[in-house]
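> Everything below, folded, please.
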Amino acid sequence: MQTLLWVVFILLLLLPLLIAACSVLQSPVFTKQPGSIVYPVETLERNREVVFSCEAQGSPPPIYRWKLNGTEISPKSGSHYSLSGGNLRISHLNKDQDAGTYQCLASNSFGTIVSREASLTFAYLENFKTHRRSSVSVREGQGVVLLCGPPPHSGDLIFSWIFNEYPTYVKQDTRRFISQETGNLYIAKVEPSDVGNYTCVVTNTVTKTRVQGPPTPLVLRSDGVMGEYEPKIEVQFPEVVHVAKGSTVKLECFALGNPVPSINWRRVDGVPFPRKVDMRKASGVLEIPYFQQEDAGTYECVAENSRGMNTVKGKLSFYAPPHLIEKPQDVQKLIDDSLVWECKATGKPKPSYRWMKNGENLESERIQVANGALSISRLTLTDTGMYQCVAGNKHGEVYSNAELRVIAVAPDFSHSQLRSQTLVKVGGDALIECKPKMSPWGVVSWRKGSEPLRESNRVTILGNGNLRIWNATKSDAGLYTCVARNQFGVASSTGSITVKEPTIITTLPSTLDVTVGESVVLPCQVSHDPSLELKFTWFFNEQLIHFGSHGGFFEKVGGHSAGDIMVRNIQLRHAGKYTCAVQTKVDSISIAVDLVVRGPPGPPTSIHVEEITDTTASLSWRPGPDNHSPITAYTIQARTPFSLGWQAVTTVPEVVGGHQLTATVIDLSPWVEYEFRVLASNTIGTGEPSKPSKQARTKGTSPKVTTANVSGGGGSRSELVITWEPVPEELQNGAGFGYVVAFRPHGATGWMQAAVPSAEASRYVFKNETIQPFSPFHVKVGVYNNEGEGPFGPVTTIYSAEEEPGRAPTRVRAKSLSASEIEVSWKALPWNASKKRVLGYELRYWSRSEKEDTANVQRSVGNQTSTIIRGVKGSTTYYISVRAYNTAGTGPPSSTVNVTTKKPRKSPSRSALSGNCVCCRCFRALTLDSTCAVRHQVLYKKNRHSRPNVMETNTTSVELALPTDEDYIIQIKPFGEGGEGSSSRQITIPRIPGPNAVGSASKVSTLSALSTIALSFTARTSL
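Residues are numbered from 1 along each chain as shown. As a prediction, the model looks like this:
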C-alpha cells in the first residue's frame, strides 16, 4: 500500500509536465444535460422508447454512467437500457418500472461529475366509467352546479361542455362558468333556455386525447320560480397558492345568485394592479403573467348583487428555484494547504447546500460546509478530484462543478526569490523572508557566506523558514542563503544584509514662545549615514504641512541635510505641536516642538446686562482666552439705533482692570435700546470684541431737552402758524412723547396752550377770526412724555398771517434793450401801508401767441422798481403785468403793457485779429448790415490771470502803446444793438528783450521803452 501511495505521488509530481506536454488534458464538463420527459401512454404500442441526452467534454474522454432513483443502471446485453455516447436509450418502456428520476455521471482520470435530475413520467387519459347520469332538477332563477368528475389521468387537462349536441359548446359569460381546476359547470341563475343535456369534454394537453362523459339532463321544476338571494361563492381559490418566479398564475372565483352576481378583484393591501394583470370578469378568472416578488400578497374576490355581497380571500406566495450567483473555480493546491470554496445561490425559500466529490456526498472530519462554503484543512493527494456544489430548495436543485488538484512539488524559488538587499540600521531588527514553493513542506536551513548559519539569542530561524536578526551590528552584514529541501529535491536563494549608521536628530525637543506677527525658525538637525538620502516631513497638530500653501506662512530653510522650517508672520492659529519626521530607506525618526503664540486676548463671552436704570447699566462677562499674556484691562462699547456704529462709553470704575468682570455704564440716554460689547487688552494689544449683548432699553424719565428753531408766520387769514424742529427720538426719554405749544398776543399776560401728541409733529396752526393780520405773538414750545412734563423753550415772537397787497403797481413801462432783453420799470407801493406788507414784485409776461394763463413769472425782492427780463425771443411782441406780493400771496395786477423786442442780428463771427510788435497787416472789412452799426472792444492784459484793459472803437484798427519788456494777450469782441458777438481767438505779443528787435515784417525798427502796436482786424458777418 505504501508503495502504491508513492507511485501516486510520483504521477502527480509528473502531472504538470504531462499537462504542459499535452495541453488537451481536461477534467469533465457537461455540454448537454438530460431534461425531463413526459411520455404519452397511448403511443407505447407504436414507439416504445425514449432517449435522455448527456454529453461532456474532457480529456481523456469521459466515461458515462446513469442512475435511476439513486441506483446505478447496468446497460447489459439484452437489457432495455443502452448507451450511445453519453445518451441513455430506454426501449420497451414500462410505465410502472421506468418512471422515476434519472441522472448522468461523466468520469475521466480527473474525477466524476453528476448531471441535474431529469424525470420520466407517463401521460394518459382513461375513459369515463359511468355511461348514464341522473337528471338535475332546479327552479327557474336558482343556481346550479353540474359535476364533470374526470376519469383517471396523468398530465394537464382542459375542460369544456357540450350543450345538447356537438358542436354546440357552452359559452362562458357572467352567468355561466367552467372551472379549469375541477371541470365543473356553474350556472349562476338558471333560465328556461338552459334546459337540456350537458356533456363534459376532457382533453389531455400532452396526449392530445379527448373523452366525453355521459350527458347530464337539466330540467326545470314546476313548483315555482326561485326568489332573489345574495351571492354564494361556489368556485374559490386555495387560502395559499405557491407561485414560481416568472410563471403565470390564474385564480378562479364564481358565485351563484339571483340577480346574477358581478365578480370583482382587489388586493387587500390596496396596491393597484399593474397593467400586466388580466381580469376576465365575464369568466371569473384573474390572470397574473410573469409573476414577481412584488406580486405576492393577499387577493380578494368580491361577488355582489342587489341582495348582498360575499367575499373570499387567498394568499399568493412567491417562490423561486435556486440560482447560483457565486460558483467555485478550478484550483491547484499544495499538500497540507487549506481549501475554501464559496458557493452562493438565491432562491425562495432560501436554498440549502451540499457538496459532492466524484458523484458522492462528502463526509470527512477535515471537511466543513457552512452557508454553502466548503472548507478542507491539511490537503492530501487523496483530496484530488471533481467537486460539485448542489444548491436546492423544494422547487429544484442547481449544480456547479470545480476541480481540485493537490500536487507534490520539489522546492522552487523561481517566483519567490529572496530580496536582493535588506537594509538595517545598527541596533535595528531585520527580517528576511524565505518562501519557496514546495509540496510537501520540507526543511529550511540558512547559510551566511559559505558557512552554515549559527543561531543565537539575536539570530533565529523562524518556524515558517524566515530569518530574524535582532539588535543588528556591523558584523551581521554579508550574504545570506536560504536552502529548502524535501523528498523531491533541493533549491536555494541568496540575498544580502547591509548595516547602516542610524539616523539621529541632534535637536532637542523644546517649547518656543513667540508673539503674533513675529517669525520663527523651527530647527530639525540630524546626523545620518552619508550614503542614505534624507526625507524631511513636517506635521502641524498631526496634519501634514503642504509647503507653498497655507497662505505662504511656512517655508523650508534647512537645505538638504537639515529640516529647519520658518513660520512667517505668526498668527494665533499657528500655536500647537509641530513634528519633524526624518525618513531614510533604513529607518525613520521624529521630534516634536511645541509653539506657544502670544497675542491679544480673545473676545470675552457671556455678556449680560444685569441691571438697567434710566441712565446706567450694570454689565457682567466672562474672560476669553488670554493667549498666553494676562489681560490687563477691559473696554466697553455701546451701540444704539441712533449711533454711528460702536461708541466708547463712560464706566464706573473709569478704568476696568483685567481681573474685574463687572462694570457699570453711566451717562446713558433714557428710553433707548442699547447693545453692549466688551474688548479685552493685554501688553500685546487689544483683541477682537465680544458678541453683542441682548438689546436692553433704559428706563424712561421726563424729557430734559426742548425743541429748537421755533419760528413760524405765514398761513391763511386769521391763522397763527408755529413751527419747530422735532426732538430726536433718542432725546425723548420715554413713550407718549408730545409737545405743548403756548402763545399769547403782545401785551397779554395769560398764555393759551395746546398739546400736540405726536413726536414727529413740527407744526401747529392756531386759527381764530379775531386775529388781526400780521399781529405779533409771544410763543414758546415745551415737551412732555408719559413720565411727566419737560421744560419750555425760550419765548420768541411770531406774526400772524398777513393780507395780500391791496393795490397794484402804477406807471409800468417796458423797453426792449436787445433782441433777448426787456427792461421793465414801475412805481413802488408804500412799504407797510395798513399792515399789507410788500416783500417784492412779480412780473408776468407772455407773447402774443401765448395765453396769459401760461405766462412766465419773474420775481424781484424788496422795494426794487425795475428789472430786466432776459431770454426772450427777438422781433416778438410781449405783454407784461406787475403785481406786489407778500407771504399771503399776490395783489391785484397792474395794467398790461406791451413791447416788441428788437430784430435779432445774425451773430457777428469771431473777429480776425493779426498783429506783432512792429506792424499789423490790414484786412478789408466786409460789408455789414446797414440796419445796425457794429462796434469793437479790444481787450488786452499782461497774462491770463490779470484783469483786462478794454478799449472800444468804431473802426477796424487801433494803435496801442505797450511796454516792450512784458508779454501781452489781446482779444477782439464785436457788439451792437443785437447783442454781443463771439470773441476772436487770443494772440500773444511777446516782449522785446533788447534795444533791437526783429518783427515779422521785412523792416527792423528801434523802439523806445513804449512801443506802438498797430492792430488791424476784419469784422465779418454771416450773409
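> Where does pLDDT dip in the stretch 451-600 of the chain?
Along the stretch 451-600 of the chain, the parts satisfying pLDDT under 70 run over 550, 560.
> Return the helix or strand hosting K333 as PDB; C-alpha atoms alone will do.
Per DSSP states H and E: K333 is located in strand 331-334. Output for strand 331-334, consisting of C-alpha atoms alone and laid out as PDB, is shown next (Å, rounded to 0.1, in the frame of the first residue of the first chain):
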ATOM      1  CA  VAL A 331      -7.900  25.400  -8.200                       C
ATOM      2  CA  GLN A 332      -4.500  23.800  -7.700                       C
ATOM      3  CA  LYS A 333      -3.100  23.400  -4.200                       C
ATOM      4  CA  LEU A 334      -0.100  22.000  -2.400                       C
END
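> contacts for it?
Outside strand 331-334, the residues that touch it by C-beta atoms under 8 Å, 6 or more residues apart in numbering are 339, 341, 379, 402-407, 409, 437-441. Just so you know, the C-beta spots here come from the backbone N, C-alpha and C atoms, and that holds for glycine as well.
> If we use 10 Å, what do you get?
Applying C-beta atoms under 10 Å, 6 or more residues apart in numbering, the external contacts of strand 331-334 come out as 15-16, 337, 339-341, 376, 379, 383-384, 387, 402-409, 437-441.
> Could you tell me which of those residues are located in strands?
Among the contacts of strand 331-334, the residues falling in strands (DSSP state E) are 339-341, 376, 387, 402-407, 409, 437-439.
> Which of the residues you listed sits closest to F792?
For F792, the closest of the ones in strands among the contacts of strand 331-334 turns out to be V340, at 105.3 Å, with distances computed as C-beta to C-beta.
> What separation is there between that closest one and K350?
Between V340 and K350 the distance is 21 Å, computed by C-beta to C-beta, to the nearest Å.
> still on that earlier bit, pull out the buried members of the contacts of strand 331-334.
15, 337, 339, 341, 376, 379, 383-384, 387, 402-409, 438-441 (16 or more other C-beta atoms under 10 Å).
> Tell me the buried residues in the lengthiest strand in the chain?
If each strand of the chain is counted by residues according to DSSP E, the longest one is strand 308-326. Buried residues in strand 308-326, counting neighbours by 16+ other C-beta under 10 Å, are found at N310, T311, V312, G314, L316, F318, Y319, A320, P321, P322, L324.
> pLDDT and distance to F777 added to these, as CSV?
Conversion of the buried residues of strand 308-326 to CSV gives the following (pLDDT from 0 to 100; distance: C-beta to C-beta, whole Å):
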residue, pLDDT, distance to F777
N310, 95, 104
T311, 94, 100
V312, 94, 105
G314, 92, 105
L316, 93, 103
F318, 91, 103
Y319, 90, 109
A320, 89, 107
P321, 91, 113
P322, 93, 113
L324, 93, 112
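> correct me, but F743 touches F792?
No - taking C-beta atoms under 10 Å as the definition, F743 is not a contact partner of F792, at 11.5 Å.
> Which neighbours do those two have in common?
Common neighbours of F743 and F792, using C-beta under 10 Å, 6+ apart, are W751, K780, V781.
> what about L462, neighbour count?
12 (other C-beta atoms under 10 Å).
> follow-up on the earlier one: pull the distance from the strand holding K333 to the chain's centre.
Going by C-alpha atoms, centre = their mean, to the nearest Å, the spacing between the C-alpha centre of strand 331-334 and its chain's C-alpha centre is 53 Å.
> going forward can the numbers begin at 6, since that is how I track them
Yes, from this point I'll number from 6; that puts the last item at strand 336-339.
> tell me the mean pLDDT for it?
Looking at strand 336-339 alone, the average pLDDT works out to 91.
> which one of F748 and F797 has more residues nearby?
For F748 against F797, the residue with the higher neighbour count under other C-beta under 10 Å is F748, and the figures read 22 against 17.
> Kindly state the pLDDT recorded for that one?
What the model reports for F748 is a pLDDT of 96.
> Not counting its neighbours along the chain, what's nearest it?
Counting by C-beta to C-beta, 6 or more residues apart in numbering, V784 is the residue found nearest to F748 once chain neighbours are left out, at 4.6 Å.
> Which residues are in contact with that neighbour?
With contacts defined as C-beta under 10 Å, 6+ apart, the neighbours of V784 are 715-717, 725, 727-729, 746-749, 756, 769, 771, 798-803.
> Is it bridged to anything, and to what?
With DSSP bridges applied, V784 shows beta-bridge pairing to F748, T801.
> Relative to I994, how far out is it?
Computed with C-beta to C-beta, the distance linking V784 and I994 is 68 Å.
> Please apply the same query to A496.
In this structure, A496 and I994 are separated by 119 Å, where distance is defined by C-beta to C-beta.
> Equivalent analysis for V887, please.
Counting by C-beta to C-beta, the gap from V887 to I994 is 50 Å.
> Looking at the two now, which is surrounded by more residues?
Comparing V887 with I994 by other C-beta under 10 Å, the one with more neighbours is V887, at 28 against 20.
> what about the more buried one, helix or strand, and which?
In this structure, V887 sits in strand 882-891 according to DSSP H and E.
> what's downstream of that strand, the next helix or strand?
Using DSSP H and E, the next helix or strand after strand 882-891 towards the C-terminus is strand 894-895.
> Identify all contacting residues around that next one.
Residues outside strand 894-895 that contact it (C-beta under 10 Å, 6+ apart): S721, E807, E808, E809, P810, Y846, E847, R849, V862, R864, R888, A889.
> Which pLDDT value belongs to the third one?
I take that to be E808. E808 carries a pLDDT score of 86 in this model.
> which stretch of helix or strand covers the residue nearest to it when sequence neighbours are not counted?
For E808, the nearest residue in space outside its immediate sequence neighbours is P778; the separation is 4.7 Å by C-beta to C-beta, 6+ apart. Element membership of P778 [criterion: DSSP H and E] is none; it lies in no helix or strand.
> measure P778 to Y639 for me?
Taken as C-beta to C-beta, the spacing of P778 relative to Y639 amounts to 65 Å.
> These two: which has the busier surroundings?
Summary of the neighbour comparison: P778 and Y639, criterion other C-beta under 10 Å, with Y639 having more neighbours (26 against 17).
> give me the element the more buried one is part of.
strand 638-644.
> Of the buried residues of strand 313-331, just say which sits nearest to Q652.
Closest to Q652 out of these is F323 (78.0 Å), distances taken as C-beta to C-beta.
> I'd say the closest one and V245 touch.
No - the pair formed by F323 and V245 falls short of the contact definition of C-beta under 10 Å, at 11.5 Å.
> the helices in the protein, which residues?
Under the criterion DSSP state H, helices of the chain are mapped to 7-26.
> Lowest average confidence across helices and strands of it, where is it?
Within the chain, confidence by mean pLDDT, DSSP states H and E is lowest for strand 1009-1011 among all helices and strands, at a mean of 31.
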